[in-house]
Structures are given as structure tokens and as C-alpha cells.
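> what's the 3D shape of this:
(2 chains)
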Amino acid sequence: MTLIKFLLTALAGVALGFMITTRVLDRRLSFDTAQAGPWRGQPKSGTMDIDPYANARIARTAELPLGSAEGLSFIARNDSAGAPLRPECDYIVSGGVPPTRYWTLTLISPKGFLIDNKAKRFGFTSAEVVRATDGTFTIVVARTARSGNWLPVGDAKAYALMLRLYDTLLDFGTTKVGADALPKITRGGCA
Amino acid sequence: MTVRFYSFLLYLAGVLFVAGLVHIVAILVMPQVAPHDAYARLAALAKPGETTLLPRALPGHEVTPYEDPAFAQAVCLYDLSDGPLHVHADLADNRLVTISFRTQTGQVFYSMTDRASLHGTIDVRIMTQPQLDAIEAAEGDEDNDQPLKELRLVAPDVKGFVLVDAMSTYPSERAGAEAEVKSVTCAPETLAQD
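All right, here's what the predicted structure looks like:
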């Protein structure tokens, strides 16, 4: 009887352990997290100093994080007010980006894949984006076509935004980055 | 009643202890045991010792998640057990080109951009520590004043891959970016045996 109880305890422990591991990896948790407004990055994931959780995750998902000399990447799953991005709402991504040679903004599924849309636009590069005279930009993320810089959501039920700064001077290791350093994500109207 | 309660607590502590242990071990061994990691996916597309252009990132056709659709990407798988790997690039345009050197489990041990090129060329030799020692011993004292024209990298493992990325800032530059990453050569070398 005791033996069975011991075995059940061990089995429950193993099951719980695997469950926790999956949850933690799916939520992209790690000790190495940099945050600026809604954007989250893991600046050490492109070095040999990679956090063990990030290391386990890249092996599981097969993602290839940018090397530290290549650039930095950030993912936003919420708007600047902290609410999750909803596909039925419009969002305005605006502001400036830290000194960087190029940046790209891409719309991705929660698991990091591109989402098909009729316009065949999956993101913007810093060169493509139409800017105001002061150099700032406004990108509208919306399901239906907009004038200006329109990033279509397609038929996604959930999505995230990915901002990549290539050849950037920004260094999360040594600089404290405020929420203003990266673009704001403001919710507009909802369908 | 209290005895049963305490024995329940003890079993609960046992469950949590085992769960914690399983969690830590799972995180630590994941890079070694994950069956569909980046290297496995790339190995299905590319032959070792040459650069292979990866399919363009389009919905449903990505090789790995979190690909940037604005980039053309090529990969070179390497195995240093027979000798070093020579990566050479002649960069013609003022395009953003990045090169990352990764282990079989996907960690980046070195990365660079086209800004690190010398008059438009990049020469990198990846080798193991014994191979570096052999090359340095063979060179001896000659030309110690001459600056090296190549970058010598000691790889943490014998196997790994090199990822070459070129940006197409506008969709019209896609063909040029693809040609640029394809033009990067990666050639396995055999060390002269004495």
C-alpha cells in the first residue's frame, strides 16, 4: 500500500514537473528579460550567456535568436496600456526608435509565424515606412485597409508584434531603457 | 485526523520535490534532446560544407518561427572534425548583411555585420582549439608583425552552423539579397598533416 502511494507521489511529481516546464517555456519566461513599455526582449539570448530557460526554449521551438552583434528583438503581446492585443481592434504604433541602422516591425502569430493576408504585407522595414516631416512614423495595425502605413491582421484570432533593431547602438546590458525608447502601441476603435 | 493530515502534507511535499527536480532536469537537458531543433530542421534542407539558400519566409512555409520576412537567409552546416571551415564573403552593395556562428544546439558564439568587413570582404576561419594550436605552431615566428587578414574563431563544439542574413529593405531588393547570401562561400579545409 505504501509502495503504491510512493509510486503515485512520484508519478504526480513527474507529471506536474513536465506541466510546469511546458507552461514556463510557452510563456517565454526567463531570468533574462528587458522591458520597455509593452515590448519585451531577452538581450542575452544572442550570446553564449543565454539564460537556461531561453536555451531550452530555442531548442524546443527551433527559433534562431539574433546574435548580439546582429541586433535586438522585442515582442509586444499587449498595448501600451497593458491590455492584450485584440484582432478586432485597431492599434496605432507610433513614436521613434533608438539609433539603429535598420529596424523591422512584423506581425506574427503567438507562436512566431507569419499570418497570411490579402495585401501580402507581413511587416514594415524602416526604409519602407512613410514618415512625418520630423522623422516619426505611425503604423496602423488593423483588419481592414487603411491609408498610410497599414499592417494587416488577416484572419488571426490572436497576434503579437515583433520589433527588431538591426545593427543598433542600444545596449540593454548597460543602459536603462524607458518606455519612451520604443514605439507606443495605442488602441483605436474596435469592431 | 492530524496524523493523516501530516502524512498528506508529506506526500504533497514529495510531489512538489519531484516536480521541481523534473522541471530543472527537463530545462537543462532540453537543448540536447529536443528532436526538432533548428539544426535538425536546417539539416533536412542543407548539405554540410556549402551555403544553401533557405526558402523565403512566407505564411505556412517558414523553416523556423520568428523569421524576419525582410531577410534572405542562407545556412552552412559544418563539422570541424576533419579541419577548419573557411567562410568568405565579398560584399558588393551597401546592404545590411549579418553573419552568426552557432553551435548545434543553436547558441550564438559569434556574430557580426557587414560593418566588420575589410574593404568589403569578410574572411573567417572556424576551428577547434587543437586546430588553432596547430596552425599557430606551423606559422611559427614568421610574419608576427603582419596583422591577420582573417578572423579566427574557436568553436565551442565540432558541429554547428553559420547563418548568413541579408536585408531587402524594399521588396524589390529581394533578388539582390538572395544573390548576396548565396555568394557567401563556406569551404571545409583539411589541415596538412606532418
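> per-residue pLDDT, A:F18?
Note on A:F18: pLDDT of 96.
> err, B:D143, not the other one
60.
> Confirm for me that A:S45 is in contact with A:T33.
No. Look at A:S45 against A:T33 with C-beta atoms under 8 Å: they stay out of range, at 10.2 Å. (Glycine included, C-beta is placed from N, CA and C.)
> which one of the two has more residues nearby?
Taking other C-beta atoms under 10 Å in any protein chain shown, A:S45 and A:T33 do not tie; A:S45 has more neighbours (26 against 16).
> Strands along the chain, start to end?
Assuming you mean chain A. Secondary structure of chain A by DSSP state E: the strands cover A:34-36, A:39-41, A:71-76, A:89-95, A:100-108, A:123-125, A:137-142, A:149-152, A:160-168, A:184-190.
> that answer is for a different chain, and I need it for chain B
Counting by DSSP E, the strands of chain B are B:52-53, B:71-79, B:85-90, B:97-103, B:108-113, B:121-127, B:151-154, B:159-167, B:185-188.
> Same list (the ones you listed) but as a markdown table, adding distance to chain A and mean neighbour count.
Listed next are those as a markdown table, based on distance: least, C-beta to the nearest C-beta, whole Å; neighbours: other C-beta atoms under 10 Å in any protein chain shown:
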| stretch | distance to chain A | mean neighbour count |
| --- | --- | --- |
| strand B:52-53 | 15 | 16 |
| strand B:71-79 | 8 | 23 |
| strand B:85-90 | 14 | 19 |
| strand B:97-103 | 4 | 24 |
| strand B:108-113 | 2 | 20 |
| strand B:121-127 | 13 | 19 |
| strand B:151-154 | 12 | 16 |
| strand B:159-167 | 6 | 24 |
| strand B:185-188 | 17 | 17 |
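> Need those in JSON lines (columns: mean pLDDT).
Formatted as JSON lines, those follow (pLDDT from 0 to 100):
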{"stretch": "strand B:52-53", "mean pLDDT": "96"}
{"stretch": "strand B:71-79", "mean pLDDT": "96"}
{"stretch": "strand B:85-90", "mean pLDDT": "95"}
{"stretch": "strand B:97-103", "mean pLDDT": "96"}
{"stretch": "strand B:108-113", "mean pLDDT": "96"}
{"stretch": "strand B:121-127", "mean pLDDT": "95"}
{"stretch": "strand B:151-154", "mean pLDDT": "94"}
{"stretch": "strand B:159-167", "mean pLDDT": "96"}
{"stretch": "strand B:185-188", "mean pLDDT": "92"}
